[in-house]
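Participant: Provided below are the primary sequence and the corresponding predicted coordinates.
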Amino acid sequence: MGKKILVADDDFLIRDLLRDILEQEGYEVAAAEDGIRALEYYRGHQDLDLIILDILMPGKNGLSVLREIHRNSRIPVIMLTALGSSENELEGFQEGACDYISKPFHAQVLLARVRAALEYKAVDEPENRNRYTMGKLTVDLDGCTVRAAGVDVELTNKEYQLLVYLMENRNIVLSRNQILERIWGFDYEGDIRTIDTHIKMLRTDLGECGNYIRTVRGMGYVFQWEEGV
């Protein structure tokens, strides 16, 4: 049996299209027509591997569902919407969405993002939590070692903590305040721009893998990489 995916969208044509695309790739697909039913299904099926949520749904909108799911789960969620505003996209990332797809979408692009989201879940499974491998970058949490594009990399303590935090939250935009509180602590009284300095040094140290750390203007930073890069 393939990976289990829940699709929630109030448009039955979109639901049927997503089901057809995903089932043709061997995925097991369940569907919900609104946010309330999506939550009910999720609560009764903790073995789900991925959820695809439309933002504009009756009952509970997609962002509300995402928020409730991520109170006690890190299951990857892809947001699907016809909205084109960057504010909705940023809000989705801030609430923990791992990706964001606008309608209309291309089937192969959708499948590529589904595979990337499922790969992220596999990296985060308990048996794999002692090591993160994403693209050409590997971090061994037991040995506190980093290997980028086949080369061992020496990082400062803060750079290492920063990298792990970003990888733990792959595809989630982290604000400078979030990073500062996590890495430097609540009582840090220095300049917040130290984060930008450490990001710059970390990118340099990681060489070609440094471009996995991307700047989101006006928001912060996100760790992203595309399969095969």
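Facilitator: Cool, the structure landed.

Participant: Longest helix in this protein, by number of residues?
Facilitator: As assigned by DSSP state H, the longest helix anywhere in the chain is helix 107-123.

Participant: Partner strands of whatever helix or strand comes next after it and their direction?
Facilitator: Next helix or strand after helix 107-123 toward the C-terminus (DSSP states H and E): strand 131-134. Using DSSP bridges, the strands paired with strand 131-134 are strand 137-140 (antiparallel).

Participant: does I5 belong to a helix or a strand, and which?
Facilitator: Using DSSP H and E, I5 maps to strand 4-8.

Participant: Please compute how far stretch 154-172 lies from its chain's middle.
Facilitator: 15 Å (CA atoms, centre = their mean, to the nearest Å).

Participant: contact partners of that stretch?
Facilitator: Residues outside stretch 154-172 that contact it (CB atoms under 8 Å, 6 or more residues apart in numbering) are 93-94, 96-99, 117, 120, 123-124, 132, 134, 137, 139, 141, 144, 146, 174, 179, 182-184, 198-199, 201-202, 205-206, 213, 221-224. C-beta: built from backbone N, CA, C; applies to glycine.

Participant: now those residues: which count as buried?
Facilitator: Neighbour-count burial (16 or more other CB atoms under 10 Å) is assigned, among those, to 93-94, 96-99, 117, 120, 123-124, 132, 134, 137, 139, 146, 174, 179, 183-184, 198-199, 201-202, 205-206, 213, 221-224.

Participant: any idea which residue sits dead centre in the protein?
Facilitator: Residue closest to the average C-alpha location in the chain (CA atoms, centre = their mean): C98, at 2.5 Å.

Participant: who's in contact with that one?
Facilitator: P76, V77, I78, A117, Y120, R170, N171, I172.

Participant: now the helices for the protein?
Facilitator: Using DSSP H, the helices found in the chain span residues 12-24, 35-44, 62-69, 86-94, 107-123, 157-168, 176-179, 194-205.

Participant: And the first one, what does it pack against?
Facilitator: For helix 12-24, the packing partners by 3 or more CB pairs under 8 Å, 6 or more residues apart in numbering; DSSP states H and E come out as strand 4-8, strand 28-32, helix 107-123.

Participant: As a markdown table, the ones you listed with distance to M57 and mean pLDDT would be great.
Facilitator: Output for these, formatted as a markdown table (distance: least, CB to CB, whole Å; pLDDT from 0 to 100):
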| stretch | distance to M57 | mean pLDDT |
| --- | --- | --- |
| strand 4-8 | 7 | 95 |
| strand 28-32 | 9 | 95 |
| helix 107-123 | 18 | 79 |
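
Participant: Quick one: closest of the ones you listed to L63.
Facilitator: Evaluated with CB to CB, the helices and strands packed on helix 12-24 place strand 4-8 nearest to L63, the distance being 12.1 Å.

Participant: The closest one pairs with which strands?
Facilitator: Partners of strand 4-8 in the sheet, by DSSP bridges, are strand 28-32 (parallel), strand 50-54 (parallel).

Participant: who touches that strand?
Facilitator: Here strand 4-8 has contacts from 15, 18-19, 22, 27-35, 37-38, 41-42, 45, 47-54, 57, 62, 65, 114, using CB under 8 Å, 6+ apart.
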